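Undergrad: what follows is a predicted protein model with its sequence.
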Amino acid sequence: MSKEIFQGPLERVSDCCWRIPKTYKQGMRVDGLIYADEVLIEAIKRDQAPEQVANVAFLPGIQYASLAMPDIHWGYGFCIGGVCATDPDEGGVISPGGVGYDINCGVRLVRSNLFYRDVQPRLRQLVEELFRHIPTGVGKSGRYHFDKKELDRLMAEGPRALLDRDLATPRDLEYTEANGKLEGADPDAVSDQAKLRGESQCGTLGSGNHFLEVQVVDHIFDEQAARVMGLEKDMVCVMIHSGSRGLGYQVCDDALAMLRKAPEKYGISLPDRQLACAPVNSPEGQKYIAAMRAAANFAWCNRQLLMQQTREVFENVFGRPWQQLQMNLVYDVCHNIAKFEEHTFNGKTRKVWVHRKGATRAFPPNHPEIPQMYRQIGQPVLIPGDMGRASWVLVGQEGSMKQTFGTTCHGAGRAMSRTAAVKDVGKRRIDKELEARGVIARAQSRRGLAEEQPDAYKNVDEVVEVVHKANLSRKVARMRPIGVIKG
Amino acid sequence: MLMYETFDHTADLGLRIKADDLPSLFADAAHALFDVIVDDLSLVQPQQVVDVNLQSDELVYLLFDWLNHLLFLFDAKGWLFSRFDVQVNESACRLQGKAWGERLDPSRHVLAHEVKAITYHGLRIEQKEGGWLAEVIVDI
């Protein structure tokens, strides 16, 4: 298998949307719809992501369309940036590949009452302390240890289980998607191998594209929404991008092994092994759902502990308790998840399994699942970009409920493969280049930095422009990185 | 000289392994996996041995299970391996393998990539004229 240019049909539906008609391949049950402008669609056509959008349309019970956000790129089975909703009452399936290995990979944003001028003189010290204090990279164990019973509690309850250790506050839970707990999680559905991989990894950042960034509010586009979130121009925030670590990877892996024979058993014809799935209402489907929810709750604990360690570092560097620094959680979103949600489409309201693989929930104002404080403005959406340019804070809009099952993009999306990025860097020093742009970056390996260099990603501003224009989510603030730690 | 090459996959990494026979194919695939994980695999001493016995339904799954098991030993127990000896019974789809290595020592070993998983996407194994070919994409 290698990289090929997509040769299939792409019909323009609007300024920001392209259709792959279901007549493209026999077996497609619905159309594919890709959100992109004319510039991004050219980049998207350069690999097999559109083919994967078409393949997802084969899944039994899929509703409305196989959807893709402007940051899509070639994944395995599902493209990254893909969304699909299935109806269990119509034989709908659940697909671990539609969630991904890193179950509940996501992003959280913490604000502070510090401004760039306060932090800049101590920036290097701050980044060094963060890098020393927070476990990053491959094979690093966390500072927190949980015995088997405690680990089960983390999976069953999410960060709520951290309240009595003073590692979380009720306010933190309130500002986490789903309050940090998916109901129906069953730790007994998670294998011992997964637990073994996860037991020492809660509170560790990981590697690859995961990061922890010190950011500055660079530009505000929506004053009112920014005020409600407590964001002001030049304010210092921290963005954390990580997921369920080895525990989640193993849950996905176990499910894919369990489902090897499911397509034959349930008479499902699939164009790619990695799309393996089972009917929601089957023993296999139910087992995966219970384990996936447990891994999702674990991921929220991981990001909670990463935030808690960040607060401790700020306390040390700035000599005040984090509460005095007003380091409140703005919001936490997941972008690799499947959730059972109510949606209205084709004139009917139904509950469907929305798979978001590299896509973020973006509920509009007044949605009951948004914290009371944000009801007027819509759900905050956090879009991490690359480490040299920007990340974004958006809010969900009405258009998402009408077009994309309440979903928007999740990041910049890669433009270069890892090998191409390393080749592109050659002998250049990415950390020095970033420093010249005012960004202090620390990583475990120079190769890691090369693979994640800014040019390896599409420009996140262009991606955000599309979801803004398509009314999936609205721009609130652009965030500029000043300090980065990576695995 | 390793008998493998990487191929581009936008977010992840593809491994293409060519070998004269099946045991070498399996051994080289494992070598390729740890070459991705560890910055300099020559620093991993083959001090201790771990036995791996596996059976699968299809040859392609046997390769998958072999790599997946080694990845588990790394991620859950900190094993790094640099030498492999594999016997494959093709008709019974069974494998007896030995992996030599040592536990991760951060003072000596630099890790290059976190391989989250071995994927089924584009996974293949086939007999070519005069040898075997396998392709595996790992999630990073």
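TA: Sure, I can see it.

Undergrad: quick one: low-confidence parts of the chain?
TA: Because you didn't say which chain, this covers chain A. Confidence mapping of chain A against pLDDT under 70 gives the ranges A:1-3, A:139.

Undergrad: was after chain B, sorry
TA: Applying pLDDT under 70 to chain B flags the ranges B:1-2, B:10-11.

Undergrad: confirm for me that residue A:182 is in contact with residue A:293.
TA: Yes - counting by CB atoms under 8 Å, residue A:182 touches residue A:293, with 4.0 Å between them. Quick note: C-beta positions are derived from backbone N, CA and C, even for glycine.

Undergrad: list the contacts for residue A:396?
TA: Neighbouring residues of residue A:396 by CB atoms under 8 Å, 6 or more residues apart in numbering or on different chains: A:361-365, A:367, A:370, A:378-379, A:381, A:406, A:408, A:472-473.

Undergrad: dihedrals phi and psi, it?
TA: Dihedral angles of residue A:396 (phi, psi; degrees, to the nearest 10) stand at phi -60, psi 150.

Undergrad: if we can go back for a sec, so which of the contacts of residue A:396 are also by chain B?
TA: Contacts with chain B are made by none of these, judged by CB under 8 Å from any CB of the partner chain.

Undergrad: for chain B, state which of the residues you listed is nearest.
TA: Among the contacts of residue A:396, residue A:408 lies closest to chain B (CB to the nearest CB), at 19.4 Å.

Undergrad: pull out the buried residues from stretch A:122-142.
TA: Within stretch A:122-142, the residues that count as buried by 16 or more other CB atoms under 10 Å in any protein chain shown are A:123, A:126-131, A:134-140, A:142.

Undergrad: if you could redo that for stretch A:449-465, that was the one I meant.
TA: Of the residues in stretch A:449-465, those buried (16+ other CB under 10 Å) are A:449-460, A:462-465.

Undergrad: around residue A:243, how many other residues sit close by?
TA: Look at residue A:243: counted by other CB atoms under 10 Å in any protein chain shown, it has 29 neighbours.

Undergrad: measure the residue of chain B most remote from its centre to residue B:113 for me?
TA: What lies farthest from the middle of chain B is residue B:107; by CA atoms, centre = their mean that is 24.2 Å. Separation of residue B:107 from residue B:113 (CB to CB, to the nearest Å) stands at 20 Å.

Undergrad: now swap in residue A:350 and tell me
TA: 42 Å.

Undergrad: kindly report the same for residue A:95.
TA: From residue A:95 to residue B:113 the distance is 26 Å (CB to CB).

Undergrad: those two: which is more packed in?
TA: Taking other CB under 10 Å, residue A:95 and residue B:113 do not tie; residue A:95 has more neighbours (28 against 24).

Undergrad: quick check: phi and psi on the more buried one?
TA: Phi and psi for residue A:95, reported as degrees, to the nearest 10, are phi -130, psi 120.

Undergrad: that one reaches residue A:82, doesn't it?
TA: No - with contact defined as CB under 8 Å, residue A:95 does not reach residue A:82; the gap is 10.5 Å.

Undergrad: hey, what's in contact with both of these two?
TA: Common neighbours of residue A:95 and residue A:82, counting by CB under 8 Å, 6+ apart, are residue A:355.

Undergrad: count the neighbours of the single nearest residue of the stretch 101-250 of chain A relative to chain B for me.
TA: Nearest to chain B, among the residues of the stretch 101-250 of chain A, is residue A:207, at 3.5 Å (CB to the nearest CB). Using other CB under 10 Å as the criterion, residue A:207 is surrounded by 28 other residues.

Undergrad: list the contacts of it.
TA: Per CB under 8 Å, 6+ apart, neighbours of residue A:207: A:136, A:137, A:138, A:444, A:448, A:486, A:487, B:111, B:113, B:114, B:140.

Undergrad: can you give me the strands in chain B?
TA: For chain B, strands defined by DSSP state E occupy the ranges B:4-8, B:13-19, B:48-55, B:79-89, B:94-103, B:117-118, B:124-128, B:131-139.

Undergrad: reformat those strands as a markdown table; add distance to chain A.
TA: Output for those, formatted as a markdown table (distance: least, CB to the nearest CB, whole Å):
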| stretch | distance to chain A |
| --- | --- |
| strand B:4-8 | 4 |
| strand B:13-19 | 6 |
| strand B:48-55 | 12 |
| strand B:79-89 | 9 |
| strand B:94-103 | 10 |
| strand B:117-118 | 5 |
| strand B:124-128 | 8 |
| strand B:131-139 | 5 |
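
Undergrad: thinking again about what came up before, which of the contacts of residue A:396 tops the neighbour count?
TA: Neighbour max across the contacts of residue A:396 (other CB under 10 Å) = residue A:408, 37 neighbours.

Undergrad: residue contacts, the residue nearest to residue A:275 when sequence neighbours are not counted?
TA: Nearest-residue entry for residue A:275: residue A:77, 4.5 Å, with adjacent residues in sequence omitted and distances by CB to CB, 6 or more residues apart in numbering or on different chains. Applying CB under 8 Å, 6+ apart to residue A:77 gives the contacts A:52, A:55, A:95, A:97-98, A:272-276, B:119-121.
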